[in-house]
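I need the structure of the sequence given here:
(chains A and B)
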Amino acid sequence: MKLQSRHLIGLEGVSADEISLILDTAVSFREIIERPIKKVPTLRGITVLNLFYEPSTRTKISFELAEKRLSADSITFTKAMSSVKKGETLKDTVRNIEAMKINMVVVRHGSSGVPYFLTQCMDSNIINAGDGSHEHPTQALLDMFTIRQKYGKLKGLRVVLIGDVKHSRVVRSNIWGLKTMGCSVAVCGPSTLQPYEVEKFGVDVYTDLDEALDGADVVNIMRIQLERQQSGFLATQREYTNLFGVTAERLKLLNKNYTVMHPGPMNRGVEITPEIADGKSSVILEQVTNGQAVRMAVLYLLSGKREDGE
Amino acid sequence: MKKQIYDLVIKDGRVIDPALGFGHVAHLFIKDGKIAKIENDNISSRKKIDSMPDENVIDAAGKIVMPGLIDMHVHLREPGREDEETIVSGCQAAAAGGFTTVCCMPNTDPAIDNQETVKFVLSRAELADARVYVVGAVSKMLKGEELSEIGDLVKAGAVAISDDGGYVQNPQLMRNALEYASMFNIPIISHAEDDFLCKDGVMNESFQSTRLGMKGRPAVGEVIAVLRDIKLCELVGGRLHIAHVSTAGAVEAIRLAKADCVDVTAEVCPQHFCLTDDMIGEKFDTNLRVNPPIRTKADIDAIIKGLVDGTIDCIASDHAPHAEEEKDVEFDQAPPGMIGLQTTVGLVKTYLIDKGYLSWADAIRKMTQNPARILNLPVGTLKVDSPADITIIDSDKKWTVKKNDFRSKSKNSPFVGWKLSGKVSHTILGGRVVYDGK
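You can find the predicted model right below:
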């Protein structure tokens, strides 16, 4: 079993077998993270570029650590300290860096479609670490890993994604992945933050949080960006919290043995109360640890898919 | 030596001129840059042809001979972006695409909002391979704030006014423009998209924009803009022409307005009857980014219906050259627009005529007689004594769109690699062969 593509652009179109392969592979890397010496020689000689055009804390550090633990040589590029400010195009930037002989690129960018664009102008394997509002596949993979870790399965579970569905790449990747793995998926958020024809994803769509939570197993809470109120999508933070803030009281609607997730960064007291963020059903920090293992798995599996057939 | 009676003859072609109601095989004689006569095949006409030297005879047997086509919506980028297109290069592309007349939009730098710029464009066009008519700006610097000197623009030669590229957002200004322009009997060409609804949108709003996480430009943004302009036109008179109609809702709005006798006309572009928004996710090809955006199958069906029933008067290209380096970027960073002068005829043939929606006469009417009528141009017909602007099309010739064949300085076409039917074989401007298929 191998991955079909030598890139990870998104989870749309990725098969259940491939997702299972990544998650299974991540299990063994998860074990390495717990060792006293957290390093294996798997990617020795491979050079990875982390190309971050948008700010990121978790994802950037997670990829950097994953690369180091696999013994890859890695370098990180951030937009703030680069020639982008001097007017260099994205294509020129990446081709120049590739001329220094790199093998893989992890890319985060504000424009949807950039990871695909890079596959067209570079030879490296491309891993999407978030493009616009399009996809964030490794986040969805680590979310699925975390759910599977707890329940031993994905199939048949009911997962509710809450928040700014319209602008969230995490939601989109989760929808594709969870649906492929046989979960039942619902989205919930203000109708202004639900994208046009969202139901065509094959998800249940709610604007009433209580209805959405009723009978669900997993609740995955997205960060709400407070600047959305300036664009007229939201009235006030107060009203958002009243309508869509997840509280301990509301969690009673979920199935027993429920799970609370959040991809971070959290606005405590806005979309999630501190009480449940730190509560016993929260796996928010476990998600972060698992993220590293999942990214190690992705790097490892794609590195074996280089064009020279290595 | 025998005196030459005619300069050029196009023999044995199927001559179609909707303005004349003409549509059968005939010979077309040209003299002094004008149409001298159209004659059926008989002993006398044969004799005339036989007496002419070979180099003055174009054999159009099996081909269609029509009035030189008019593209009423192009961007020639001069002055300002001569790296993307010049009047001369744009007219070379027009000639190779079968267009003998183009109307250029005023969103140049500086904008065509004054007499001097109109005169500059017209002077550049004097020796070009197509006739250029100028569309002047509705507002000074296309800012949508104050009216430009429309009377002056018309005096200098402008045939219409438009703030194309953007909508005249202020309804009071649009009302004034319609009233003001009616003094000169010229139409206002409206790029109808509401800025508030479409702001920052890079593609049609649909499940495709949802799927790709891109900001959408909703169809209703066009429909509302069209309806507002129609209502203003109904109120104050004047002539309204809706550019590049892209939605089913706009087609319906225009149909109803025409039934109510509002003086509104409309055009569509090939991208809005050939391309759908689900193509964007395939390769994020920035050449598919255009305003208004490419829409859905349902919109295409409505546009075709509008073409068939006459709601849509014209077919234009909205030829919009952009430099390669500006298009070879992130999808949402690329400027909107695609070139179209050399692909329009093939797309019309392949997607409208071959599919049985339009006859050749219908299609030709929408690229000759109708735009000439709307803009009051002295071209678009083969009537005797008209300028000898003629397009000859090898109607069943199959060809592949190749980047290197574009004569435009820019190559931003999403149709590269497409296999089309119907190729321009000759383009003749004022009796001069400006394109001969080579």
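
contact partners of stretch B:309-317?
Stretch B:309-317 is contacted by residues B:71-74, B:97, B:243-245, B:251, B:254-255, B:258, B:265-270, B:303, B:305-307, B:339-341, B:343-344, B:348, B:363, B:366-367, B:370-371, B:374 when judged by C-beta atoms under 8 Å, 6 or more residues apart in numbering or on different chains. The C-beta positions use only the backbone N, C-alpha and C, and glycine is treated the same way.

which parts of it are buried?
B:311-317 (16 or more other C-beta atoms under 10 Å in any protein chain shown).

just to revisit the earlier point, emit the PyMOL select command for whichever of the contacts of stretch B:309-317 are buried.
Applying 16+ other C-beta under 10 Å to these, the buried members can be selected in PyMOL as follows:
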select buried, chain B and resi 71+72+73+74+97+243+244+245+251+254+255+258+265+266+267+268+269+270+303+305+306+307+339+340+341+343+344+348+363+366+367+370+371+374
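
narrow the contacts of stretch B:309-317 to those in strands?
B:71-74, B:265-268 (DSSP state E).

turn the residues you listed into CSV, including distance to A:Pro274.
Putting these into CSV (distance: C-beta to C-beta, whole Å) gives the following:
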residue, distance to A:Pro274
B:Asp71, 64
B:Met72, 64
B:His73, 59
B:Val74, 61
B:Thr265, 63
B:Ala266, 59
B:Glu267, 59
B:Val268, 57
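
including pLDDT and distance to chain A, could the residues you listed go into JSON lines?
Below are the ones in strands among the contacts of stretch B:309-317 laid out as JSON lines (pLDDT from 0 to 100; distance: C-beta to the nearest C-beta, whole Å):
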{"residue": "B:Asp71", "pLDDT": "98", "distance to chain A": "31"}
{"residue": "B:Met72", "pLDDT": "98", "distance to chain A": "33"}
{"residue": "B:His73", "pLDDT": "98", "distance to chain A": "28"}
{"residue": "B:Val74", "pLDDT": "98", "distance to chain A": "27"}
{"residue": "B:Thr265", "pLDDT": "98", "distance to chain A": "31"}
{"residue": "B:Ala266", "pLDDT": "98", "distance to chain A": "26"}
{"residue": "B:Glu267", "pLDDT": "98", "distance to chain A": "27"}
{"residue": "B:Val268", "pLDDT": "98", "distance to chain A": "24"}
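
out of the residues you listed, the closest to A:Gly202 would be?
B:Val268 (33.9 Å; C-beta to C-beta).

stretch A:101-108 near chain B anywhere?
No. Stretch A:101-108 lies out of reach of chain B by C-beta under 8 Å from any C-beta of the partner chain, never closer than 11.2 Å.

so what's A:Val94 scoring on pLDDT?
pLDDT, A:Val94: 93.

look up the closest residue to it, ignoring the ones flanking it.
Using C-beta to C-beta, 6 or more residues apart in numbering or on different chains and skipping residues adjacent in sequence, the residue nearest A:Val94 is A:Met122, 5.6 Å away.

which positions in the stretch 251-400 of chain B make contact with chain A?
B:283-284, B:325, B:328-333.

pass me the low-pLDDT residue ranges in the stretch 51-200 of chain A, would you?
Applying pLDDT under 70 to the stretch 51-200 of chain A picks out residues A:81-85.

quick check: what element follows the helix or strand hosting B:Cys91 along the chain?
Take DSSP states H and E as the rule and B:Cys91 turns out to sit in helix B:87-96. Remark: after helix B:87-96, the chain's next helix or strand is strand B:99-104, criterion DSSP H and E.

now the buried members of the residues of the stretch 251-400 of chain B next to chain A.
B:283-284, B:328-333.

in helices, which of those appear?
B:Lys283 (DSSP state H).

who's sitting farthest from the centroid in chain A?
Distance from the centre of chain A peaks at A:Lys86, with 30.6 Å (C-alpha atoms, centre = their mean).

okay, now the residue of the stretch 1-150 of chain A found nearest chain B: neighbour count?
With C-beta to the nearest C-beta, the shortest gap between the stretch 1-150 of chain A and chain B falls at A:Ser133, namely 3.0 Å. The tally of other residues near A:Ser133 (other C-beta atoms under 10 Å in any protein chain shown) stands at 25.

need the nearest residue in space to the closest residue to chain A within chain B, chain neighbours excluded.
Minimum separation of chain B from chain A (C-beta to the nearest C-beta) falls at B:Gly213, amounting to 3.0 Å. Leaving out its chain neighbours, the residue that sits closest to B:Gly213 by C-beta to C-beta, 6+ apart is A:Ser133, at 3.0 Å.

where does B:His272 land in three-state SS?
helix (DSSP: H, G, I helix; E, B strand; the rest coil).

who in chain A is up against chain B?
Checking chain A against chain B by C-beta under 8 Å from any C-beta, the hits are A:12, A:89-91, A:109, A:111-114, A:116-117, A:120, A:131-135, A:167, A:169, A:172, A:195-198, A:200-201.

what about those residues, which are in strands?
If you go by DSSP E, the residues of chain A next to chain B have A:109, A:131 in strands.

of the residues of chain A next to chain B, keep whichever come out buried.
For the residues of chain A next to chain B, buried by 16+ other C-beta under 10 Å: A:12, A:89-91, A:109, A:111-114, A:116-117, A:131-135, A:167, A:169, A:172, A:195, A:198, A:201.

nearest to B:Gly33 among the residues of the stretch 251-400 of chain B next to chain A?
Distances from B:Gly33 to these, taken by C-beta to C-beta, are shortest for B:Glu325, at 40.8 Å.

so where does that closest one fall, helix or strand?
Using DSSP H and E, B:Glu325 falls within helix B:324-327.

list the buried residues for that helix?
Residues of helix B:324-327 classed as buried by neighbour count (16+ other C-beta under 10 Å): B:326-327.

for stretch B:274-289, same thing?
Neighbour-count burial for stretch B:274-289 flags B:274-278, B:280-281, B:283-289 (criterion: 16+ other C-beta under 10 Å).

avg pLDDT for it?
On average, stretch B:274-289 scores 97.

and the end-to-end length of that stretch?
End-to-end distance of stretch B:274-289: 14 Å, with C-alpha to C-alpha, to the nearest Å as the criterion.

ok, now stretch A:65-79?
OK, stretch A:65-79 end separation, C-alpha to C-alpha: 20 Å.

one more: stretch A:203-218?
Criterion C-alpha to C-alpha; first-to-last residue distance in stretch A:203-218 is 15 Å.

repeat that for stretch B:83-101.
End-to-end span of stretch B:83-101 (C-alpha to C-alpha): 22 Å.

do that stretch and chain A meet?
No. Stretch B:83-101 does not reach chain A (C-beta under 8 Å from any C-beta); its nearest approach is 15.9 Å.

stretch B:405-422 too?
No. Shown here: stretch B:405-422 not in contact with chain A (C-beta under 8 Å from any C-beta), separated by at least 14.6 Å.

now B:Ser386. Nearest residue, chain neighbours left out?
Per C-beta to C-beta, 6+ apart, closest to B:Ser386 is B:Ile35, 5.1 Å.

and the pLDDT for that neighbour?
Looking at B:Ile35, its pLDDT stands at 98.

what's around it, how many residues?
22.

give the bridge partners for it, please.
Beta-bridge pairing of B:Ile35 under DSSP bridges involves B:Ile30.

who's in contact with it?
Taking C-beta under 8 Å, 6+ apart, we find B:Ile35 in contact with B:28-29, B:382-388.

the helices in the stretch 201-310 of chain A, which residues?
Along the stretch 201-310 of chain A, the stretches classed as helices by DSSP state H, counting those that start in this stretch are A:209-213, A:237-244, A:248-251, A:274-277, A:284-303.

show me what the third one is in contact with.
In other words, helix A:248-251. For helix A:248-251, using C-beta under 8 Å, 6+ apart, the contacting residues are A:209-210, A:213, A:219, A:258, A:260, A:273, A:275-276, A:279, A:281.

B:Val121 contacts B:Val134, doesn't it?
Yes. Contact status for B:Val121 versus B:Val134: in contact at 5.4 Å, counting by C-beta atoms under 8 Å.

common neighbours of those two, please.
In contact with both B:Val121 and B:Val134: B:104, B:112, using C-beta under 8 Å, 6+ apart.
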